[in-house]
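Participant: Coordinates only, no sequence provided:
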């Protein structure tokens, strides 16, 4: 038996990951990690092959490539003589509908599929391919977003689904490094699919993986991954203690939120936000914690408030454009007419096409062209706000907008009048006088263009 298979078998036995004789759903994307997981579960000494069901969720984000992933996983399941189940949904359209981030919505839909499948098949275990490097990357993502102890504690080898506590989520690879999985795949000749987006450092996780962690490892601590895991374990122990208090409190009625300690208040709010599939951040939790019955917008049109009892409630969806002195929210699918904002007139076109069509259009004053799928269906026109950041086209990182204004010698009185465009996920994609943001430019993968016209 391969040494890695022995490691996984030992962990599974120690943690009792696969008790009984029930079926096990194995989440397989077709990438290296999940293909290694599948092979390890089949070939380990756990004798569970006849219990495995291969499941794949097609996000439909990469067109024919996404479909090819699904075919590859189905053929792989057949080669192992295992049953195959497929889930499918257009994540991009769903993200627009929910006004949420693509990664968060993809994660939510994928999780719902695996839990629903488990319920339908009468099994209570889903095996996931998260490994130690995923854990460390997630730590930094949540650290940058201001997560609390719950978020910084990371994933567990064994946990329960928030959607259905009866469904067990097991992560047999969580204590293994990515290099170990790569070596295993090479040793045994395991085929897998490559997703080019995994190398795109415009995405935060990829930037952490390819830029930040190698830099820290080289210049500060070569054991950074193991040290972060130790820290996550300590934070997790503290978090579990506070979490138990929060769970007990949430089970009661006629509660008084202000009587709780600050740490437990935060945990109570975090648990509710997680159950509502809202991305956790320190600022959001603190806004809810310190404000009673105050509407807080978590994404365009979606608002929450906290009652005096500590319970979080959704407010009615705002499915309309909101005009104010400082901002104008627009649904690009519904908007046909010219709009005036900040003394500037705007109109928009969406057309099919990629780089070739972009080249045909050429350069023109008072017009910019973007990748429409990256912009989203809902945009906001607004003015400068202190703290804004922007990544000009051709630059590799974001800069403070204030610094860019200074470099361009734009006077303070003029800065507040400049119109700027904000994408559905809150990123600035255009600023009058500074052109477009690099993450939204037209590339080889672009399939739809947004033509953005304005007239002063």
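Facilitator: That came through fine. Note that this is a predicted model, so its numbers are computed, not measured.
Participant: CA atoms for contacts and neighbours, from now on please.
Facilitator: Noted.
Participant: what about stretch 435-444, how long is it end to end?
Facilitator: Stretch 435-444 has an end-to-end distance of 20 Å (C-alpha to C-alpha, to the nearest Å).
Participant: Kindly report the same for stretch 140-154.
Facilitator: 10 Å.
Participant: Which residue ranges make up each domain of the protein?
Facilitator: According to automatic domain parsing, the chain comprises the domains 3-133+150-197, 327-455.
Participant: Of the ones you listed, which is nearest residue 282?
Facilitator: Residue 282 sits nearest to domain 3-133+150-197 of all the domains of the chain, at 10.2 Å, using C-alpha to C-alpha.
Participant: Quick check: mean pLDDT of the closest one?
Facilitator: In this model, domain 3-133+150-197 has a mean pLDDT of 91.
Participant: How far does it sit from its chain's centre?
Facilitator: 17 Å (C-alpha atoms, centre = their mean, to the nearest Å).
Participant: And it, end to end?
Facilitator: Chord length of domain 3-133+150-197, first to last residue, is 31 Å (C-alpha to C-alpha).
Participant: just stretch 368-388 next, same as before
Facilitator: 21 Å.
Participant: Give me the buried positions along stretch 217-235.
Facilitator: The neighbour-count check on stretch 217-235 (16 or more other C-alpha atoms under 10 Å) flags 224, 225, 226, 228, 229, 232, 233, 235 as buried.
Participant: actually stretch 420-435, not the one I wrote
Facilitator: Buried-residue list, stretch 420-435, by 16+ other C-alpha under 10 Å: 420, 421, 422, 423, 424, 425, 427, 428, 429, 430, 431, 434.
Participant: For those residues, give me CSV that also has secondary structure, distance to residue 345 and pLDDT.
Facilitator: Compiled in CSV, those are given as follows (DSSP: H, G, I helix; E, B strand; the rest coil; distance: C-alpha to C-alpha, whole Å; pLDDT from 0 to 100):
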residue, secondary structure, distance to residue 345, pLDDT
420, strand, 12, 89
421, strand, 13, 91
422, strand, 16, 89
423, coil, 18, 86
424, coil, 20, 77
425, coil, 23, 77
427, coil, 21, 87
428, strand, 19, 92
429, strand, 17, 93
430, strand, 15, 92
431, strand, 14, 90
434, coil, 17, 80
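Participant: Among the residues you listed, which one lies nearest to residue 6?
Facilitator: Closest to residue 6, out of all of those and judged by C-alpha to C-alpha, is residue 425, at 43.7 Å.
Participant: my read: that closest one touches residue 101, true?
Facilitator: Yes: at 5.8 Å, residue 425 counts as touching residue 101 under the criterion of C-alpha atoms under 8 Å.
Participant: Tell me where the stretch 301-450 of the chain has helices.
Facilitator: Along the stretch 301-450 of the chain, counting by DSSP state H, counting those that start in this stretch, helices occupy 355-361, 372-375, 401-407, 412-415.
Participant: so which of those helices comes closest to residue 22?
Facilitator: helix 372-375 (41.7 Å).
Participant: Check the offset of that closest one from the chain's centre.
Facilitator: 16 Å.
Participant: Residue 168 touches residue 158, doesn't it?
Facilitator: Yes: using C-alpha under 8 Å, residue 168 is in contact with residue 158, at 7.0 Å.
Participant: Between those two, which has more neighbouring residues?
Facilitator: residue 168 (22 against 17; other C-alpha atoms under 10 Å).
Participant: quick one on the thing from earlier: looking at the buried residues of stretch 420-435, which one is closest to residue 289?
Facilitator: Nearest member of those to residue 289, counting by C-alpha to C-alpha, is residue 425, at 23.7 Å.
Participant: Any figure for the gap between the closest one and residue 376?
Facilitator: Residue 425 is 8 Å from residue 376, by C-alpha to C-alpha.
Participant: Also residue 310?
Facilitator: Distance from residue 310 to residue 376, by C-alpha to C-alpha: 34 Å.
Participant: Spell out the residue ranges of the helices in the stretch 51-200 of the chain.
Facilitator: 64-79, 91-98, 102-121, 132-144, 149-153, 178-188.
Participant: Just name the most buried of those.
Facilitator: helix 149-153 (a mean of 24; mean count of other C-alpha atoms under 10 Å).
Participant: ok, residues contacting it?
Facilitator: 139, 142-143, 232-236, 238-239, 267, 270, 280 (C-alpha atoms under 8 Å, 6 or more residues apart in numbering).
Participant: for stretch 305-314, same thing?
Facilitator: 254-258, 268-269, 272-273, 288-289, 291-296, 302-304, 315.
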